[in-house]
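# sequence and computational prediction follow.
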Amino acid sequence: MVLAIVLLALLGLSVLANLRHWAHGVISMGAGHTHLAGPKLDEVLIEDNDASAKLAVIDVNGIITSRMSDQGGYTMVDVVRAELDRAKEDTKVKGVLLRVDSPGGEVLASDEIYRLLTDFQKESGKPVITSMGNLAASGGYYVSSASRWIVANDLTITGSIGVIMHTWNYRTLMNKVGLLPEVYKSGKFKDMLSGERKPEEIPIEERAMVQGLIDETYARFEEVVAEGRDAAHRKNQAQGKVLANNWKDYADGRVFSGSQAYDLGFVDELGNFRDAVKRAKKIAGIAQDANLIQYRQRYDLSDVFRLFGKSKAPVIKVDLGMDIPKLDAGCLYFLCPTFVRGE
């Protein structure tokens, strides 16, 4: 009975909320706005400067991943795409402030966000200005390099340009407990990256193939950095920074401070979020002032039921005080693992 009462109350609230959003949608359609399928977003005013022009603030926080979130069932890429679509449609939005605080993450998710940011600027003509937080390393720098202008704090940790693939070899442990694997395979490399084999059983050709995959993905990272910074320099001219001639010597996985990144041309300016706001206004050609807005994801009862439908078992989450990623063995990552593990 209690459960039924709670569900009825939630249903009533959902009906009222849906009626409100339906009315808002009708008004938006009358004004010529279109909405694509995806996360439901509400525009929120985070800084009111009594202005007509707007700057949209988009956050890339934590591990960059294509996994569906526990809330709403959408991926980080889905949310960023929806936010950029809203910013592109709104004529009052003159630019995007990308706030990055991330150690990186999945290769594909990082690349998709990079492409979304690049396409947004080409199609809308609106600039993206990145403000780096505590950490903008590996995939965090990958997505940042799509920006027209990058602002980093002196103490920001960035860089870590490189690719990592992780797996485990547990054959010694299996031997200790008396387990002997029996593998039937269709080809010589079908059990590639398997942790059941002795290290000496791994073919030299397999190690070469894996390293070749790493090298190919790393070459893409270098290409993205070179293209992104070169495109920004062509537009910024003397106002911005150009990559140092020996920048590739520092693209070996090492991390560096914001000051070091500035000296090497990986960022354009040293400062904080307020400095990024000032720069965004200047680049976007905003003469007076601008309101800062965000697009916050909205959840209703349909999202709750959808998540219930996907749930297979109850999960207990423990807060360890740090963000531990779910790294899949054999997957490629633009990731700075040292800072992820809290070491």
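Nice, thanks for sending it over. Residues are numbered from 1 along each chain as shown.
# residues in contact with residue 112?
Residue 112 makes contact with 66, 77, according to Cβ atoms under 8 Å, 6 or more residues apart in numbering. (Glycine included, C-beta is placed from N, CA and C.)
# are we agreed that it is in a helix?
Yes. Membership of residue 112 in a helix is supported by DSSP: H, G, I helix; E, B strand; the rest coil.
# now do the buried residues in stretch 56-69.
Within stretch 56-69, the residues that count as buried by 16 or more other Cβ atoms under 10 Å are 56, 57, 58, 59, 60, 62, 63, 64, 65.
# I should have written stretch 113-133 there, sorry.
113-114, 116-118, 120-121, 124, 126-133.
# so which of those are in helices?
For these, membership in helices holds for 113, 114, 116, 117, 118, 120, 121, 124, with DSSP state H as the criterion.
# neighbours of residue 256, just the number please.
Close neighbours of residue 256, defined as other Cβ atoms under 10 Å, add up to 19.
# how far away is the residue nearest to it when sequence neighbours are not counted from residue 265?
In space, not counting the residues next to it along the chain, residue 256 is nearest to residue 159; the distance is 4.5 Å by Cβ to Cβ, 6 or more residues apart in numbering. Noted for residue 159: a distance of 12 Å to residue 265, by Cβ to Cβ, to the nearest Å.
# the more surrounded of those two?
Under the neighbour definition other Cβ under 10 Å, residue 159 and residue 265 were set side by side, and residue 159 has more, 25 against 16.
# I'd assumed residue 252 was in contact with the more buried one.
No. Residue 159 is not in contact with residue 252 according to Cβ atoms under 8 Å; the separation is 9.4 Å.
# for the stretch 201-343 of the chain, which segments count as strands?
Along the stretch 201-343 of the chain, counting by DSSP state E, counting those that start in this stretch, strands occupy 255-257, 269-270, 291-297, 332-335.
# packing partners for the last one?
For strand 332-335, the contact count by 3 or more Cβ pairs under 8 Å, 6 or more residues apart in numbering; DSSP states H and E identifies strand 104-106, helix 107-124, helix 139-144, strand 164-165, helix 204-236 as packing neighbours.
# same check, this time on the first one
Contact analysis of strand 255-257 by 3+ Cβ pairs under 8 Å, 6+ apart lists strand 157-159 as its packing neighbours.
# what do you get for the shortest one?
With contacts defined as 3+ Cβ pairs under 8 Å, 6+ apart, the secondary structure elements packing on strand 269-270 are strand 149-152, helix 258-264.
# on the pLDDT front, check residue 31 for me.
Here the pLDDT value assigned to residue 31 is 46.
# let me fix that: residue 6
Predicted confidence (pLDDT) for residue 6: 74.
# give me the distance between it and residue 12.
When Cβ to Cβ is the yardstick, residue 6 and residue 12 sit 11 Å from each other.
# run through the stretch 51-200 of the chain and note the low-pLDDT ranges.
70-72 (pLDDT under 70).
# wait, residue 149 sits on residue 121?
No. Between residue 149 and residue 121 no contact is recorded; they are 11.2 Å apart, counting by Cβ under 8 Å.
# find residues that contact each of these two.
Taking Cβ under 8 Å, 6+ apart as the contact definition, residue 149 and residue 121 share the neighbouring residues residue 127.
# may I see the strands of the stretch 201-343 of the chain organised as a markdown table, with distance to residue 176 and mean pLDDT added?
Formatted as a markdown table, these follow (distance: least, Cβ to Cβ, whole Å; pLDDT from 0 to 100):
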| stretch | distance to residue 176 | mean pLDDT |
| --- | --- | --- |
| strand 255-257 | 37 | 95 |
| strand 269-270 | 53 | 97 |
| strand 291-297 | 48 | 95 |
| strand 332-335 | 30 | 75 |
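# for residue 279, find the nearest of those strands.
In this view, those are compared for proximity to residue 279 by Cβ to Cβ, and strand 269-270 is the closest at 6.5 Å.
# ok now the closest one, how far from the chain's centre?
Between the centre of strand 269-270 and the centre of its chain there are 22 Å (Cα atoms, centre = their mean, to the nearest Å).
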